[in-house]
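[1] I'd like to go over a predicted model; first the sequence, then the structure.
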Amino acid sequence: MRVVIAEDLLLLREGLKLVLAELDCEVTAAVGDPDALLQELERERPDLAIVDIRLPPTFRDEGLRAALEARRRWPGLPVLILSQYIEQAYVRELLEDAGGGIGYLLKDRVGDVEQFLAALRTVAAGGTVLDPEVMRGVLARADALNSDALNDLTPREREALELMARGRSNAAIAAEMVVTERAVSKYINRIFGKLGLDPSDDTHRRVEAVLRYLGSRS
């Protein structure tokens, strides 16, 4: 897997390069600002971009803006966003691009090599990954903003939704919940029904289900 990194802190950037090398990924470029990121993406056309949300000059959301611009220029480019904090407004903006190949992880997850590799593979393959802590925050906020809809979901449906938002396939969800894939399909279809999502592309509906939980469509 060919990867471009955008991280302004040298130590973190070099650390990411070492971790990715251990995972047999080729880091084709590692840069520290959004303009350089877009230049390297144009030059390298990698399989995946790993981008820190906060990049120079203001260290607010330049990395996210560059990632969204990259997705505009190269539709479907897989992007894994890294952040030190849970920033739900940014999660929603990122997920509104329903083309797949999107991830949002807290930087602490990089130390869990197996989990990090799973996230890389999922995003590179066009899936969607949300950090477990981000998902818990989403659910908590949804409890306050959309309690009626949440009350319609059973605990098992909520569990399936959380795993779905973390990029798990139906088979992986079945394994973690210790049920059959057929049961998982039923859970997911009930989630879609309760959230009022009409039959359409399943990838889009999975992302839309998470967006509904972000609670800002009202």
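    Okay, I see it. All values reported here derive from a predicted model rather than from experimental measurement.
[2] which secondary structure state is assigned to Leu82?
    Using DSSP: H, G, I helix; E, B strand; the rest coil as the criterion, the local structure at Leu82 reads strand.
[3] so that it lines up with my notes, have the first residue be 26 from now on.
    Sure thing, new numbering starts at 26, so read that last one as Leu107.
[4] ok, it - how many residues close by?
    Other residues near Leu107 number 25, with proximity taken as other Cβ atoms under 10 Å. Every residue, glycine included, has its C-beta placed from N, CA and C.
[5] try Glu118
    Other residues within reach of Glu118, judged by other Cβ under 10 Å, total 16.
[6] show me where the protein has its strands.
    Using DSSP state E, the strands of the chain run over residues 27-31, 51-56, 73-77, 104-108, 127-131, 153-155.
[7] buried deepest among the ones you listed, which one?
    Neighbour counts (mean count of other Cβ atoms under 10 Å) averaged over each of the strands of the chain peak at strand 73-77, with a mean of 26.
[8] still on that earlier bit, CSV for the strands of the chain, including distance to Leu188 and mean pLDDT?
    Conversion of the strands of the chain to CSV gives the following (distance: least, Cβ to Cβ, whole Å; pLDDT from 0 to 100):
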stretch, distance to Leu188, mean pLDDT
strand 27-31, 25, 97
strand 51-56, 30, 97
strand 73-77, 22, 96
strand 104-108, 18, 93
strand 127-131, 15, 89
strand 153-155, 10, 82
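[9] dump those to JSON lines, plus distance to Leu37.
    Formatted as JSON lines, the entries for the strands of the chain read as follows, by distance: least, Cβ to Cβ, whole Å:
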{"stretch": "strand 27-31", "distance to Leu37": "9"}
{"stretch": "strand 51-56", "distance to Leu37": "10"}
{"stretch": "strand 73-77", "distance to Leu37": "8"}
{"stretch": "strand 104-108", "distance to Leu37": "9"}
{"stretch": "strand 127-131", "distance to Leu37": "13"}
{"stretch": "strand 153-155", "distance to Leu37": "20"}
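[10] and stretch 61-75, how far from the chain's centre?
    Between the mean C-alpha location of stretch 61-75 and the chain-wide mean there is a distance of 18 Å, by Cα atoms, centre = their mean, to the nearest Å.
[11] now do the domain split for this structure, please.
    The record assigns the chain these domain ranges, following automatic domain parsing: 27-155, 160-239.
[12] circling back: among the strands of the chain, which comes closest to Arg90?
    Of all the strands of the chain, it is strand 73-77 that lies closest to Arg90, at 10.0 Å by Cβ to Cβ.
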